[in-house]
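1. Next comes the sequence, and after it the predicted model I'd like to discuss.
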Amino acid sequence: QVQLVESGGGLVQVGGSLRLSCAASGGFFSLYAMGWFRQAPGKEREFVAAMTRLGGSTYYAATAKGRFTISKDNNKNTAYLQMNSLKPEDTAVYYCAAKSGDYYYVDENEYDYWGQGTQVTVSS
């Protein structure tokens, strides 16, 4: 059983940056592909970014590509989402998720474990 805890959310101005962290415990972190998703008020949860378990491949939603970077430190059992050039439409609760496997995964239904979420608010 893997537990995931996100941190690093907060209030930031348009154009600013935040780095979200996802600390994992209870499993061999290097076995898990990671993903980040977000849910804005009144909207369904959507995919943001994903990476393979050893970090060799990454994939981004069109809205995140070029601005966000997903990464993973298997020695620290932590995944990250670096977010730059933030926009008001990036305001959402951000969730990290983990799945044991050799690929990256875009479909939220593929993931086995989820964190509780961290709020990101971008003010204009």
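-> Perfect, I can see it now. Residues are numbered from 1 along each chain as shown.
2. alpha carbons only for contacts and neighbour counts from here, please
-> OK.
3. what's near enough to touch the residue lying closest to Ser17 once chain neighbours are set aside?
-> Leaving aside its sequence neighbours, Ser17 sits nearest to Asn84 (C-alpha to C-alpha, 6 or more residues apart in numbering; 4.4 Å). Going by C-alpha atoms under 8 Å, 6 or more residues apart in numbering, Asn84 touches 15-18, 67-68.
4. what's the spacing between Asn84 and Gly101?
-> Look at Asn84 and Gly101: by C-alpha to C-alpha, to the nearest Å, they are 28 Å apart.
5. List the beta-bridge partners for the most centrally placed residue in the chain.
-> Most central in the chain under C-alpha atoms, centre = their mean is Trp36, positioned 2.5 Å from the mean C-alpha point. Taking DSSP bridges as the rule, Trp36 bridges to Ala49, Cys96.
6. Now do the strands in the chain.
-> For the chain, the strands defined by DSSP state E cover 3-7, 10-13, 18-25, 32-39, 46-51, 58-60, 68-73, 78-83, 92-100, 113-114, 118-123.
7. So which elements touch the shortest one?
-> The one in question is strand 113-114. If you count contacts as 3 or more C-alpha pairs under 8 Å, 6 or more residues apart in numbering; DSSP states H and E, strand 113-114 packs onto strand 3-7, strand 92-100.
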